[in-house]
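Student: Here's my sequence, what's the structure:
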Amino acid sequence: MPLPSLKEQFAALIAAPSVSCTQPSLDQSNRPVIDLLAGWLDDLGFACEIQQVTPGKFNLLATRGSGPGGLVLAGHSDTVPFDEQLWRTDPLKLTEQDGRWIGLGSCDMKGFFALVIEAVQPLLAHDFKQPLLILATCDEESSMSGARALAEAGQPLGRAAVIGEPTGLRPIRMHKGILMDRIDILGRSGHSSDPSLGHSALEAMHAVMGELMGLRQQWQNTYSNPQFSVPTPTMNFGCIHGGDNPNRICGQCSLEFDLRPLPGMDVEQLRAAIGAKLRPLAERHEVKIDYAPLFPEVPPFEQAADTELVRLAERLTGHAAEAVAFGTEAPYLQQLGCETIVLGPGDIRCAHQPGEYLDMSLLDPTVRLLRELIRHYCLH
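Tutor: Numbering: from 1, shown residues only. This next block holds a predicted model:
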């Protein structure tokens, strides 16, 4: 049975729902996408290994050729949730309109796998001197558990890895890290007419936020990288909850915040610095302060500018490697010994939006670029 065309593959991938979400009511298995890819790649002669990461969540590693080097073409098989009423087209159906392929995951980033398959087909008649590995992960849009599981397993992959996130076909060699943490303060409630009757969690949190803002300023004074559009680390206080009535001393208060460190900033040292500020505040305000991550962090990522992969990508695309603010699975592939960049079609500004699309003018350039990367790392 002949392989479906590029457009048919695109349509089938978009039609296979694979929402990844921290809310269980919205979360879905990615197995339908993994099975589609494994079926097509098996027909092309790839050895396909499907790895269960957690119940209902799977990674796919498809390999052609063998040896210690080679190329990894990687992406995630999941999408974010979607608001169907805000879409003008069916989000799970490929729609061609105004020179665009529209659908959930067209840009971020299930469509990338169809372009990889299109790129590799004419090369399959050649002898692969080094392996080509096609990697599809689960849960990138929530916990990154698929990439984390690979990094923890420690099995070496290839010499170079290209993650096909939407970068407008411009190579990316750096991005910030992502920490999402929470601070819970337990004080003691009491009647507001006499402050000595309790210990205010809200006043303690006011002091905590002051210390955090001081650390933020200190880090912004110390660390800067002009390659980023926002050149310093950022800290955002995202939500706060506390107390229940004006005439009660606040007994409990919670803060959730997001910290985006630059490459070169050590995540453990940042958290240790925050912890060191909290301990004396707990004593002074006579409250209990609990500080913990909401999710495991995504480390900052940097691939050295003078590496073979960065220079090759710059030559093939005609663009100098850049930095982006969004996080990816790049640090985990780097941990497995791969020179790593982020490079794919599409525009990050339309990702996670109703009407997500991939401009059809990028289809052929992406296929040509992927073909050149495969030739360089696997055939020469």
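Student: can you pull the contacts of the spatially closest residue to Val230 that is not a sequence neighbour?
Tutor: The shortest distance from Val230 to any non-neighbouring residue, by CB to CB, 6 or more residues apart in numbering, is to Ala325 (6.4 Å). (C-beta placed from N, C-alpha, C; glycine too.) By CB atoms under 8 Å, 6 or more residues apart in numbering, the contact list for Ala325 reads His175, Lys176, Phe228, Ser229, Val230, Arg260.
Student: which of these lies closest to Cys48?
Tutor: Proximity of the contacts of Ala325 to Cys48 was ranked by CB to CB; the top entry is His175 with 29.6 Å.
Student: And Trp87, how far from Thr95?
Tutor: Trp87 sits 10 Å away from Thr95, going by CB to CB, to the nearest Å.
Student: circling back: which pLDDT does the model give the residue nearest to Val230?
Tutor: pLDDT for Ala325: 87.
Student: Quick check: phi and psi at it.
Tutor: Backbone torsions for Ala325, taken as degrees, to the nearest 10, come to phi -90, psi -30.
Student: top helix in this structure by residue count?
Tutor: helix 201-222 (DSSP state H).
Student: Note down every partner strand of the helix or strand following that one and its orientation.
Tutor: Per DSSP states H and E, helix 201-222 leads on to strand 234-242 as the next helix or strand towards the C-terminus. Here strand 234-242 has these sheet partners by DSSP bridges: strand 252-260 (antiparallel).
Student: Can you give the contact residues for the partner strand?
Tutor: Identification of contacts with strand 252-260 by CB under 8 Å, 6+ apart yields 176-187, 201-202, 204-205, 208-209, 212, 233-243, 270, 294, 325.
Student: Show the subsequent helix or strand relative to that strand.
Tutor: helix 267-285.
Student: chain center to that next one, what's the gap?
Tutor: Centroid separation for helix 267-285 versus its chain: 28 Å, with CA atoms, centre = their mean, to the nearest Å.
Student: Can you pull the domain assignment for this protein?
Tutor: The domain map for the chain lists 6-175+299-379, 179-293, with the assignment taken from automatic domain parsing.
Student: Gly45: neighbouring residues, count only.
Tutor: 11 (other CB atoms under 10 Å).
Student: where along the stretch 51-200 of the chain do the helices fall?
Tutor: When secondary structure is read from DSSP state H, counting those that start in this stretch, the stretch 51-200 of the chain shows helices at 111-120, 145-153.
Student: what about the helices in the stretch 251-380 of the chain?
Tutor: Using DSSP H, counting those that start in this stretch, helices in the stretch 251-380 of the chain cover 267-285, 308-317, 330-335, 363-374.
Student: Check what contacts the first one and list those residues.
Tutor: Pointing back at helix 267-285 there. 177, 179, 181, 183, 187, 199-200, 203-204, 207-208, 211-212, 214-215, 219, 259, 261, 288-289, 291, 293, 297, 299-300.
Student: quick one: contacts for Asp290?
Tutor: Each residue near Asp290 by CB under 8 Å, 6+ apart is listed here: Ile183, Asp184, Ile185, Leu186.
Student: Repeat the analysis, applying 10 Å as the threshold.
Tutor: Applying CB atoms under 10 Å, 6 or more residues apart in numbering, we find Asp290 in contact with Arg182, Ile183, Asp184, Ile185, Leu186, Ser254, Leu278, Ala282.
Student: same deal with Ser18?
Tutor: 28-34, 57, 76-79, 104-105, 110, 138-139, 141.
Student: Please name the nearest non-neighbouring residue to it.
Tutor: Asn30 (4.1 Å).
Student: burial count for that neighbour?
Tutor: With other CB under 10 Å as criterion, Asn30 counts 29.
Student: my guess is it meets Gly75, correct?
Tutor: No. Using CB atoms under 10 Å, Asn30 is not in contact with Gly75, being 11.8 Å away.
Student: so what sits against both of these two?
Tutor: With CB under 10 Å, 6+ apart, Asn30 and Gly75 have common neighbours Lys110, Ala136, Thr137, Glu140.
Student: nearest to Glu49, of the residues you listed?
Tutor: Looking across those and measuring by CB to CB, the closest to Glu49 is Ala136, at 11.1 Å.
Student: Give me the pLDDT for the closest one.
Tutor: pLDDT, Ala136: 98.
Student: what residues are up against it?
Tutor: Neighbours of Ala136 in contact, by CB under 10 Å, 6+ apart: 30, 33-34, 36-38, 41, 50, 58-62, 73-78, 110, 112-113, 116, 146.
Student: Quick check: the gap between it and Asp35.
Tutor: When Ala136 is compared with Asp35 (using CB to CB), they lie 11 Å apart.
Student: now swap in Arg279 and tell me
Tutor: The value you get for Arg279 to Asp35, if CB to CB is used, is 51 Å.
Student: Looking only at neighbour counts, state which of these two leads.
Tutor: A count of neighbours by other CB under 10 Å puts Asp35 above the other of Arg279 and Asp35, at 15 against 11.
Student: Pretty sure the more buried one sits against Ile50.
Tutor: Yes. With contact defined as CB under 10 Å, Asp35 counts as touching Ile50 (8.2 Å).
Student: Tell me the gap between stretch 143-154 and the middle of its chain.
Tutor: Distance, centroid of stretch 143-154 to centroid of chain: 12 Å (CA atoms, centre = their mean).
Student: Show residues contacting it.
Tutor: Contacts for stretch 143-154 (CB under 10 Å, 6+ apart): 20, 22, 30, 51-54, 57-61, 74, 76-78, 135-140, 157, 163, 178, 295-298, 327-337.
Student: List the contacts of Met205.
Tutor: Contacts for Met205 (CB under 10 Å, 6+ apart) come out as 183-185, 187, 240, 242-243, 250, 252-255, 281, 285, 287, 289.
Student: Can you select the buried ones from these in ChimeraX?
Tutor: Selection of buried members from these for ChimeraX, criterion 16 or more other CB atoms under 10 Å:
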select :183,184,185,187,242,243,250,252,253,254,255,281,285,287,289
